[in-house]
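Colleague: sequence first, then the predicted structure, then my questions.
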Amino acid sequence: MLLFCATMATVGIGHHVGWLVSGRAPVVESSWRFMRELREPAELCERALVLSRSGVKEAQVARALLSGEDTRDKAERLYVIPWREPGGEVGFLVFPHDPAVREKSGGLRCRSGREQDEPVAAAELSRLLSEGQVAAGTAP
């Protein structure tokens with residue numbers, strides 16, 4: 001009986017180890033991931049504003065970010081969309097491509113002349129996109 005239980009336990013352990021190793025999901029997730037989710041939109045917002053000030057057209061900023069060696073990885077994970085306030089002030093909305101991450105973290109709104117970027121909740125982000133304040137032809 002003891003030998004049978006030991007064999008079953010060994011087979012069970014082997015099965016679980018094989019299942020963990022062959023799975024696509026990470027076995028351990030870094031607790032620092034949330035820092036990247038907060039930092040990357042701010043970096044892209046700042047870079048988008050710099051490009052806009054240097055003469056790159058608003059509609060071409062996302063393409064310029066994708067072609068940059070230092071911003072390509074971030075720009076592939078995040079939308080960078082020009083937007084306008086009712087007064088005509090130009091800025092950018094930066095938010096994740098992944099809808100699940102977007103629902104959790106929302107996005108970021110940045111504009112010239114502002115000291116800090118403004119976090120945008122997921123519901124507000126949906127409202128901004130649906131109200132048409134986003135520049136034409138750039139919505140996801």
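Modeller: Looks like it came in fine.

Colleague: quick check: what element follows the lowest-mean-pLDDT helix or strand in the chain along the chain?
Modeller: In the chain, the helix or strand scored least confidently by mean pLDDT, DSSP states H and E is helix 33-53, which has a mean of 79. Going down the chain from helix 33-53, the next helix or strand is helix 61-67, by DSSP states H and E.

Colleague: contacting residues around that following helix?
Modeller: Helix 61-67 has contacts (CB atoms under 8 Å, 6 or more residues apart in numbering) with 44, 47-48, 51-52, 56, 71-72, 74-76, 79-82, 92, 138. C-beta: built from backbone N, CA, C; applies to glycine.

Colleague: Ala25 should be in a helix, yeah?
Modeller: No: secondary structure of Ala25 (DSSP: H, G, I helix; E, B strand; the rest coil): coil, not part of a helix.

Colleague: could you find the closest non-adjacent residue to the residue nearest to the spatial centre of the chain?
Modeller: Nearest to the geometric centre of the chain sits Pro96, at 2.9 Å (CA atoms, centre = their mean). Using CB to CB, 6 or more residues apart in numbering and skipping the chain neighbours, the partner closest in space to Pro96 is Arg102 (4.7 Å).

Colleague: so that neighbour, which of the three states?
Modeller: Per three-state DSSP, Arg102 ends up helix.

Colleague: and the gap between it and Val27?
Modeller: Going from Arg102 to Val27 by CB to CB, to the nearest Å gives 26 Å.

Colleague: more neighbours: the two, which one.
Modeller: Comparing Arg102 with Val27 by other CB atoms under 10 Å, the one with more neighbours is Arg102, at 18 against 7.

Colleague: show me the contacts for the more buried one.
Modeller: Applying CB under 8 Å, 6+ apart, the residues near Arg102 are 95-96, 122, 125.

Colleague: recalculate using a threshold of 6 Å.
Modeller: Arg102 is in contact with 95-96, 122, counting by CB atoms under 6 Å, 6 or more residues apart in numbering.
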